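Asks: heads up, no residue letters with this:
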């Protein structure tokens, strides 16, 4: 670690003690940005990087709600409004027991660069709660969402902060929150994305992140004269991202052989397609957060308490959660001949695993670039809301495909400009950073 990077990280850690995930996200980004900042005296003078790692606003609030048995429960809600230099704060809401300030700050920080890369006018933000929707009744989820929005509504708006869904927040939760927002504000605004199609939503939003990561991976494969055609693909997760990726991989001629959950992974050498992909929707709807029922239904192997990265594959798409692919997993993928790893989840690869991929020259697509498809279509939903129009599935998919191709090219161009050709991690960080940094300079020290 260079002296400049070490000094910077010591300051970040001192200001944000105990926030390991946030420290990891900042260090991964700043490591590649130091050469850029060193070459741009105006960035150093204006302390752009120091300002960028500090959220513009951190909101924390209690969320009391009543369970079906009459018991009062209390959770904690958050919204991290990180950077609005290029547009309203934009980023998902996550409802999961693992939610902490550190997790949301890492996600919000990553969102700054991801949103910048889409070329759409969106700043970076993130939020959520430690509420666990699993095993809760529909009425309990509704009461929680209404209580959550009763505080959040005063901090958001179509030109201020536009949240979306994330883990634990799907169409049902977005609907409950939107209804409460509309009642409190007495206004029908495009303040949340991921809405239902009949009340302002966009086609292909649930599939968008999975579609986008597949489009990005295909662009990477093209640089080697290859495509998904005939490729064996390992996917982790079984939620919206994995579901969308499985659909698009099949469309592009690849074969998906794994899915995973907190309980382990399934290996289906015949390929996950057709009704098997549709069964993923049933698994999600069950709210049990397990994949073993897939193995039982289709008579395939289930491996408990393990990740799928030991399976031989050509392409790996981690689509579950942060730090799910470690150094040992990376070694397994490389030993088994994997040529491309493209991240559908947020920061799913540990720093040790990422270093192995970069050192090996493997095609490695980092999340802030590769999984930008979800927020890109959220941005397209905002556009449709603004002009009071709806686009067809084909139109939205074309826009998404174009955005992902442009992100890929931006990463290649930026990495080459700074002497790191083919390094998508550096390219994504630099391309995302410079747009936001220039906007911050133009707007003064605010």
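Replies: Noted; the coordinates are in hand. Here the structure is a predicted model, which means the values were calculated and not measured.
Asks: for residue 285, report the pLDDT, please.
Replies: If you check residue 285, the pLDDT there is 85.
Asks: just the one 3 residues further on next, same as before
Replies: Looking at residue 288, its pLDDT is 85.
Asks: any idea which residue is closest to the centre of the chain?
Replies: The centroid of the chain falls nearest to residue 346 when counting by C-alpha atoms, centre = their mean (4.5 Å).
Asks: quick one: it and residue 110 touch, right?
Replies: Yes. The criterion here is C-beta atoms under 8 Å, and residue 346 meets it with residue 110 at 6.1 Å. Quick note: C-beta positions are derived from backbone N, CA and C, even for glycine.
Asks: between those two, what contacts are shared?
Replies: Common neighbours of residue 346 and residue 110 (criterion: C-beta atoms under 8 Å, 6 or more residues apart in numbering): residue 367.
Asks: helices of the stretch 51-200 of the chain, start to end?
Replies: Ranges of helices within the stretch 51-200 of the chain are 101-117, 138-152, 171-185, based on DSSP state H, counting those that start in this stretch.
Asks: so how far is the last one from its chain's centroid?
Replies: Looking back up the chat, that one is helix 171-185. What separates the centre of helix 171-185 from the centre of its chain is 22 Å, taken as C-alpha atoms, centre = their mean, to the nearest Å.
Asks: and after the helix or strand harbouring residue 401, which helix or strand comes next?
Replies: Here residue 401, judged by DSSP states H and E, is contained in helix 393-417. Once the chain leaves helix 393-417, the next helix or strand it forms, by DSSP H and E, is helix 424-442.
Asks: and that next one, which residues are buried?
Replies: 424-441 (16 or more other C-beta atoms under 10 Å).
Asks: for the closest residue to residue 125 other than its chain neighbours, name its beta-bridge partners.
Replies: Spatial nearest neighbour of residue 125, chain neighbours left out: residue 89 (3.3 Å); criterion: C-beta to C-beta, 6 or more residues apart in numbering. In this entry, residue 89 is beta-bridged to residue 123, residue 161, by DSSP bridges.
Asks: burial of the closest residue to residue 178 other than its chain neighbours, as a residue count?
Replies: With sequence-adjacent residues excluded and distances taken as C-beta to C-beta, 6+ apart, residue 178 is closest to residue 192, at 5.1 Å. The number of residues packed near residue 192 is 27, by other C-beta atoms under 10 Å.
Asks: thought residue 192 was touching residue 181?
Replies: Yes. Counting by C-beta under 8 Å, residue 192 does reach residue 181; the two are 7.1 Å apart.
Asks: where do the helices of the stretch 201-350 of the chain begin and end?
Replies: So, for the stretch 201-350 of the chain - with DSSP H, counting those that start in this stretch - the helices run 208-222, 240-251, 275-285, 292-298, 327-335.
Asks: okay, those helices, which one's buried deepest?
Replies: helix 208-222 (a mean of 27; mean count of other C-beta atoms under 10 Å).
Asks: now do it and helix 393-417, the angle between them.
Replies: 50 degrees (axes from the mean of the first three to the mean of the last three C-alpha atoms, to 10 degrees).
Asks: now for helix 208-222, which elements pack on it?
Replies: Judged by 3 or more C-beta pairs under 8 Å, 6 or more residues apart in numbering; DSSP states H and E, the packing partners of helix 208-222 are helix 240-251, strand 315-317, strand 340-342, strand 363-365, helix 367-370, helix 373-387, helix 393-417.
Asks: what sits against residue 338?
Replies: With contacts taken as C-beta under 8 Å, 6+ apart, residue 338 has the following neighbours: 234, 313-316, 362.
Asks: hmm, 10 Å instead?
Replies: Residue 338 makes contact with 232-234, 309, 311-316, 330, 332, 357, 360, 362-363 under the criterion C-beta atoms under 10 Å, 6 or more residues apart in numbering.
Asks: right, and residue 243 touches residue 250 too?
Replies: No. Look at residue 243 against residue 250 with C-beta atoms under 10 Å: they stay out of range, at 11.3 Å.
Asks: need the pLDDT of residue 1.
Replies: Model confidence at residue 1 (pLDDT) stands at 65.
Asks: same check on residue 87?
Replies: At residue 87, the model reports a pLDDT of 97.
Asks: distance of the closest residue in space to it that isn't next to it in sequence from residue 159?
Replies: Distances taken as C-beta to C-beta, 6+ apart place residue 121 nearest to residue 87, at 3.6 Å, with adjacent residues excluded. Look at residue 121 and residue 159: by C-beta to C-beta, to the nearest Å, they are 10 Å apart.
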